[in-house]
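**Q** I'll drop the sequence and a predicted model, then ask my questions.
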Amino acid sequence: MRMVTMEVGAVAAMRYVKDGIRAAHLVMKYSQHTLLAGEGASAFAISMGLPGPMNLSSPESVKKWSDWKENQCQPNFRKNVVPINDCGPYKPNNGAMNVFGDKRTESCEMGAIEYRPPLVGPHNHDTISMAVIDKMGHIAVGTSTNGATYKIPGRVGDGPIVGSSAYADDEVGGCGATGDGDTMMRFLPCYQVVESMRQGMKPGEAAKDAISRIARRYPDFVGAVVAVDKNGSHAGACHGWTFQYSVQNPDMDDVQVFTVLP
């Protein structure tokens, strides 16, 4: 996201191309679109010069997938389906109550109440979000991720969603986020952070406010945001884990790591 022009480039569900953030930049630079997805995103990135198509599987990822299949495809992100502990094919379940391994749903007059430990945490995702302020004071932000482990094919998380995993405005500042993207994208936390700073909140206040809005509705969610204003002041807030982010400016000899407690 380039805040001089408010241009945005994003890719989602892209296969066969290694560098997602570079592909997103190509979408911004060489198209009038904001978001490309799936095979079309891969074809566009390769046509614009990125290496591919290539096999992105590693021995570690293949083993993790094989172990997951042997464990009857558990855990997974499906709910209210049958069969319960199997690899499918799945179909909707209209029964009154089901137990999905460590997940239980009950029907009531107001709808379904779900009890499920979060599947997203510090050991099973790989989001990188970055905000940069140049010498002219212009701000650019970007986020890249492989997505949630065991996700349903076709799932798009909050990484390419403008305002959720990243947002910025030259007049105010920027924000990056990570965590349970399926929950966080419902609140556009980075857009909220920037708009709160626009209204006068300090970065720390804006970050805590955005996280608390999610936690009030989803007390078990895991996530974090980092806010930086146009002057370079920064702060983070998180829920469900202890979070770290790093900062460097021209006056620093090395990167400084900051730890944020829930």
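**A** Happy to help now that I have it.
**Q** tell me which residues of the longest helix along the chain are tucked away?
**A** Secondary structure of the chain per DSSP state H: the longest helix is helix 203-217. Within helix 203-217, the residues that count as buried by 16 or more other Cβ atoms under 10 Å are 203, 205-211, 214-215. All C-beta spots, glycine's among them, are computed from the backbone N, C-alpha and C.
**Q** make JSON lines from these and add distance to residue 231 to it.
**A** Formatted as JSON lines, these follow (distance: Cβ to Cβ, whole Å):
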{"residue": "203", "distance to residue 231": "10"}
{"residue": "205", "distance to residue 231": "15"}
{"residue": "206", "distance to residue 231": "14"}
{"residue": "207", "distance to residue 231": "16"}
{"residue": "208", "distance to residue 231": "19"}
{"residue": "209", "distance to residue 231": "19"}
{"residue": "210", "distance to residue 231": "20"}
{"residue": "211", "distance to residue 231": "22"}
{"residue": "214", "distance to residue 231": "27"}
{"residue": "215", "distance to residue 231": "28"}
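**Q** of those, which pair is most distant in space?
**A** 203 and 215 (18.4 Å; Cβ to Cβ).
**Q** below-threshold pLDDT in this structure: ranges please.
**A** 1-4, 95-125 (pLDDT under 70).
**Q** all helices of it, in order?
**A** Using DSSP H, the helices found in the chain span residues 20-30, 38-47, 59-70, 181-184, 189-198, 203-217.
**Q** so which of those is nearest residue 153?
**A** When these are ranked by proximity to residue 153 (Cβ to Cβ), helix 38-47 comes first, at 10.7 Å.
**Q** could you check the angle the closest one makes with helix 20-30?
**A** Angle of helix 38-47 versus helix 20-30, following axes from the mean of the first three to the mean of the last three Cα atoms, to 10 degrees, is 80 degrees.
**Q** buried residues in helix 38-47?
**A** For helix 38-47, by 16+ other Cβ under 10 Å, it's 41-46.
**Q** make a markdown table from these and add distance to residue 66 to it.
**A** Output for the buried residues of helix 38-47, formatted as a markdown table (distance: Cβ to Cβ, whole Å):
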| residue | distance to residue 66 |
| --- | --- |
| 41 | 27 |
| 42 | 25 |
| 43 | 29 |
| 44 | 32 |
| 45 | 29 |
| 46 | 29 |
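**Q** can you tell me which of the residues you listed is nearest residue 135?
**A** Using Cβ to Cβ, residue 45 comes nearest to residue 135 of the buried residues of helix 38-47, at 29.6 Å.
**Q** one step back: of all the buried residues of helix 203-217, which comes closest to residue 148?
**A** Nearest to residue 148 among these, with distances taken as Cβ to Cβ, is residue 214, at 16.4 Å.
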